[in-house]
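Visitor: attaching a predicted model along with its sequence, questions to come.
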Amino acid sequence: MVYKAMCAGRLLAEFYPDLASPEFMTPFALFHQRYATNVLPSWHRAQPLRALAHNGEINTIWGNRARMEARTATLPLELHPVLSEGGSEQAVDPKSTHLRDLLEIRPAGPELPLDEVEAIRSVTGKFIASAMSFGSLSPEAHQTITLAMNTLGARSNTGEGGEDPAVYAPVDGAPSLLNNKIKQVASARFGVTAEYLAHAEELEIKVTQGAKPGEGGQLPGYKVTELIARLRREQPGMQLISPPPHHDIYSIEDLAQLIWDLKRVNPRATVGVRLVSGCGVGTIAAGVAKAYADYIVIAGNSGGTGASPLSSIKYAGNPWELGLAEAQQVLVHNGLRGCVRLRTDGGLRTARDIVIAALLGADQFAFGTSILVALGCDMARQCHLNTCPTGIATQRPELRAKFRGKPEHVIRFLEELASEVRLLLAKLGLPSLTAATGCTDLLERSRGMQALI
């Protein structure tokens, strides 16, 4: 007998009263839970096209994987590992769904002992929580991510909505773990004050966003509570939209002036610029490096925000692989690569993704969607409607009360991911991600791709 419902597992008894009856008994029960995805169903994605599909949808596999890996520590030892390379093809899907899936990595040398590969803490120190604003996310989710990344020794980004100055106060004489190390500055300057800038280790200028290039930040009025309005210096219930970037920065000279201004406000902070992956981004990256930025973010098209309508993020942007490869090549050609760090985001999920990003030139790696999934996001794609069923991307008190994410979930996910990175580096004969950075000679077309050619 099969019971099926479009609901969380804990609510199943409410759909089927017999499951709550003490008279209902069974010698065993098998429970299967599948999460929604960020795509609309369509006929060409239906089975049997399992290269892209799972019951007619895509992206379910990695959502399940991230969620289960984040909870491995809570399961009995006899259930470890939850997912393995020898498991089902849905646990590790070898089919090509991204540009990076068309590449294979050639070993740099003989396999190394694991103790000769950089430590987990060294790997996680290169991880970033992508910019997700205090407003697009609930206060609980935003603070949980910040606490997790600071505990891990990594970095989190405020997004363009500012943050509560209360988190700047020391706790028992030590810096607060709720203070985001990266503060973002967007065209509308929401929440940007001298105090905000002074408490940053990094200041990030948001020129554009990979998931919706050409548009500024958006926050619908029904998500602008009194708290959000106070932090952004606006009025409750007012729709908040950052102007498109060209209204703020017309040239590299304007950008250089803003970088100079930010370094005057906080001389200790490094300043970075967020660019979108696209044709010609290498030339722009070279200009940004000449404007004395300390790092550059190449943002890919995958993902989205907790506030933007679907019409803004569907069928927009380019994969990070294209922009990162171009930026690396142009910076190297102009002798500017040593002046800046390269960072990328936009759908990084696995150890292989991270290593390929490093080989294409990335020094640091940012995660957004996968961190939210580790916190319990079920990819309902209701962020912009303020109706998030897991309390992550909503400001409604009754929905925020459903938030069950913990810092330990994010920490566990990223530590497991770092462990997989170490295993892959050892297999490839690379002692660290730094040693892999820019080694594009280790990348080659997959054998399947060569057969097609």
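Guide: All right, it came through fine.

Visitor: for the rest of this, base every contact and every neighbour count on C-alpha atoms.
Guide: Noted.

Visitor: just checking: what are the partner strands of the longest strand along the chain?
Guide: The longest strand of the chain (DSSP state E) is strand 270-276. In the sheet, strand 270-276 lines up against strand 202-206 (parallel), strand 295-299 (parallel) (DSSP bridges).

Visitor: deepest of those, which one?
Guide: strand 295-299 (a mean of 28; mean count of other Cα atoms under 10 Å).

Visitor: just to revisit the earlier point, okay if I get the strands paired with strand 270-276 as CSV plus distance to Pro165?
Guide: Listed next are the strands paired with strand 270-276 as CSV, based on distance: least, Cα to Cα, whole Å:
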stretch, distance to Pro165
strand 202-206, 16
strand 295-299, 26
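
Visitor: just to check, Thr146 is in contact with Ile182?
Guide: No - with contacts counted by Cα atoms under 8 Å, Thr146 stays clear of Ile182, the gap being 10.2 Å.

Visitor: now do the shared contacts for those two.
Guide: With contacts defined as Cα atoms under 8 Å, 6 or more residues apart in numbering, the residues shared by Thr146 and Ile182 are Arg155, Ser156, Asn157.

Visitor: need the buried ones from these selected in ChimeraX.
Guide: Entered in ChimeraX, the line below selects the buried ones among the shared contacts of Thr146 and Ile182, by 16 or more other Cα atoms under 10 Å:
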select :155,156,157
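
Visitor: reformat the shared contacts of Thr146 and Ile182 as CSV; add pLDDT.
Guide: Below are the shared contacts of Thr146 and Ile182 laid out as CSV (pLDDT from 0 to 100):
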residue, pLDDT
Arg155, 96
Ser156, 96
Asn157, 96
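
Visitor: okay, the shared contacts of Thr146 and Ile182 in JSON lines with secondary structure and distance to Leu425 next?
Guide: Shown next, in JSON lines, are the shared contacts of Thr146 and Ile182 (DSSP: H, G, I helix; E, B strand; the rest coil; distance: Cα to Cα, whole Å):
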{"residue": "Arg155", "secondary structure": "strand", "distance to Leu425": "23"}
{"residue": "Ser156", "secondary structure": "strand", "distance to Leu425": "25"}
{"residue": "Asn157", "secondary structure": "strand", "distance to Leu425": "27"}
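
Visitor: quick one on the thing from earlier: Thr146 and Ile182: which is more packed in?
Guide: Under the criterion of other Cα atoms under 10 Å, the comparison of Thr146 against Ile182 puts Ile182 first, with 26 against 23.

Visitor: contact partners for the more buried one?
Guide: Per Cα under 8 Å, 6+ apart, neighbours of Ile182: Arg155, Ser156, Asn157, Thr158, Ala200, Glu201, Glu202, Leu203, Glu204.

Visitor: same question for Ile145.
Guide: So Ile145 contacts Ala129, Ser156, Ile371, Pro407, Val410 (Cα under 8 Å, 6+ apart).

Visitor: kindly reformat those as JSON lines containing distance to Leu417 and secondary structure.
Guide: JSON lines is the format used below for the contacts of Ile145 (distance: Cα to Cα, whole Å; DSSP: H, G, I helix; E, B strand; the rest coil):
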{"residue": "Ala129", "distance to Leu417": "14", "secondary structure": "strand"}
{"residue": "Ser156", "distance to Leu417": "17", "secondary structure": "strand"}
{"residue": "Ile371", "distance to Leu417": "11", "secondary structure": "helix"}
{"residue": "Pro407", "distance to Leu417": "15", "secondary structure": "helix"}
{"residue": "Val410", "distance to Leu417": "11", "secondary structure": "helix"}
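
Visitor: quick one: which of those residues is nearest to Pro267?
Guide: Ser156 (19.9 Å; Cα to Cα).

Visitor: in this structure that closest one contacts Ser130, no?
Guide: Yes - at 6.7 Å, Ser156 and Ser130 qualify as touching, with contact defined as Cα under 8 Å.

Visitor: before we move on, back to that, what is the nearest of the contacts of Ile182 to Ser187?
Guide: Nearest to Ser187 among the contacts of Ile182 is Glu204, at 11.6 Å by Cα to Cα.

Visitor: what's the spacing between that closest one and Val265?
Guide: Distance, Glu204 to Val265, by Cα to Cα, to the nearest Å: 14 Å.

Visitor: next: Ile241.
Guide: 25 Å.

Visitor: these two: who's more crowded?
Guide: Neighbours per residue (other Cα under 10 Å) separate Ile241 from Val265, with Ile241 holding more: 17 against 13.
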